[in-house]
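Enquirer: Mind looking at a prediction? Sequence and model below.
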Amino acid sequence: MKLEDELKAALRRQDPPAGFAERVIEQAGPARTSFRPAPPKRRPHFWWPAFAAAAAAVVFSLSVEYRHRQEEEAGREAIVALRIASQKLNQVRDKVVNK
Amino acid sequence: MPQQVLDAQAEGTAQDTFAGLVRKHQAMVFSIAYAFLRDVATAEEVAQDVFLALHRSLATLESPQHVVNWLRRVAAHRSIDRQRRSRPLWALDDIGEPAAPAPSGDPMLAGALRQLIGTLPDHPRLVMILRYQEDMDVAEIGEVLEMPEGTVKAHIHRSLKLLRDKLSRRFGEISI
């Protein structure tokens, strides 16, 4: 006989002393409740891809808007720079003419 | 139907559930404690303690299989706790030598095996009890004792080798 079989035979379950269950039940008193009902299974998260797509769309439109405003700002700054340069050139021309 | 009657029926059902669980699993819980502690009175106390804890926790358990795993885990841990409070139970030198080599399947061999298992350290002893008494696999034992599967396998391997060596020394050339 193999050692593992001998171990199973040696470690066979044994009943507790007589009246054990009754003593435990009496000592425990009334039970408050039975098994807790299993929690409802979670539904698969279908909203997650939709949420990701919406978030990507918002980020994309914000970045387009930002770039558009940057271009407008750059255009305004260029016009101001040209006006300043023009004024300076006019001043220089007036000085040369007046001499 | 009046609410009080419904409550009483529900309470009765719960009590019946608990009583049924005690009757169904008393041998399992007692045997884990007894195989570990090797003392009937102490094992009975531990088993009673385990079932009273079940009574308090019944509302948190979800299924009969959950109850079985819970009982095994609590019985194992409470047996260790009890052992640590009242050491030592067995010393290797206390184990009597059999007068003559025992044939395979002999009750003397089974008794010697139980005593030798009692000399194993706490965790290897519990692993062997759960493996060969409860017929649990490595993964289940690891889950109950909260230890990696590799550790469970190592405990089984080392314990089997130790038992085989000691039995060979005691019983001579025996085919095990």
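Expert: That came through fine. Source: prediction; values computed, not measured.
Enquirer: B:Leu160 reaches B:Leu113, doesn't it?
Expert: No: when contacts are counted by Cβ atoms under 8 Å, B:Leu160 is not listed as touching B:Leu113 (11.2 Å). For every residue, glycine as well, the C-beta is placed using N, CA and C.
Enquirer: higher neighbour count, these two?
Expert: Taking other Cβ atoms under 10 Å in any protein chain shown, B:Leu160 and B:Leu113 do not tie; B:Leu113 has more neighbours (22 against 16).
Enquirer: Which secondary structure element is home to the more buried one?
Expert: helix B:107-118 (DSSP states H and E).
Enquirer: quick check, that helix touching chain A?
Expert: Yes: applying Cβ under 8 Å from any Cβ of the partner chain, one finds that helix B:107-118 is in contact with chain A at B:109-111, B:113-114, B:117.
Enquirer: Which residue ranges make up each domain of chain B?
Expert: Using automatic domain parsing, the domain parsing of chain B gives B:3-85, B:92-171.
Enquirer: does A:Val59 sit in a helix, a strand or a coil?
Expert: Under DSSP: H, G, I helix; E, B strand; the rest coil, A:Val59 falls in the helix class.
Enquirer: Quickly note the distance from it to chain B.
Expert: 43 Å (Cβ to the nearest Cβ, to the nearest Å).
Enquirer: count of neighbours near that residue?
Expert: 10.
Enquirer: So which residue is dead centre in chain B?
Expert: B:Ile32 (1.8 Å; Cα atoms, centre = their mean).
Enquirer: give me the element that one is part of.
Expert: Counting by DSSP H and E, B:Ile32 is found in helix B:3-37.
Enquirer: Could you do B:Met136 as well?
Expert: Using DSSP H and E, no helix or strand contains B:Met136.
Enquirer: for the helix holding B:Leu113, which positions count as buried?
Expert: Using 16 or more other Cβ atoms under 10 Å in any protein chain shown as the burial criterion, the residues of helix B:107-118 that qualify are B:109-110, B:112-113, B:115-118.
Enquirer: for the helix or strand that that helix is followed by, packing partners?
Expert: As assigned by DSSP H and E, the chain's next helix or strand after helix B:107-118 is helix B:122-132. Under the contact criterion of 3 or more Cβ pairs under 8 Å, 6 or more residues apart in numbering or on different chains; DSSP states H and E, helix B:122-132 touches helix A:3-10, helix B:3-37, helix B:64-85, helix B:107-118, helix B:138-145, helix B:149-171.
Enquirer: residues touching B:Ala19, list them.
Expert: The contact partners of B:Ala19, by Cβ atoms under 8 Å, 6 or more residues apart in numbering or on different chains, come to A:21, A:25.
Enquirer: what do you get for B:Val46?
Expert: Applying Cβ under 8 Å, 6+ apart, the residues near B:Val46 are B:33, B:37, B:75, B:78-79, B:82.
Enquirer: For B:Tyr34, see how far away it is.
Expert: Taking Cβ to Cβ, to the nearest Å as the measure, B:Val46 falls 9 Å from B:Tyr34.
Enquirer: B:Leu58 too?
Expert: From B:Leu58 to B:Tyr34 the distance is 24 Å (Cβ to Cβ).
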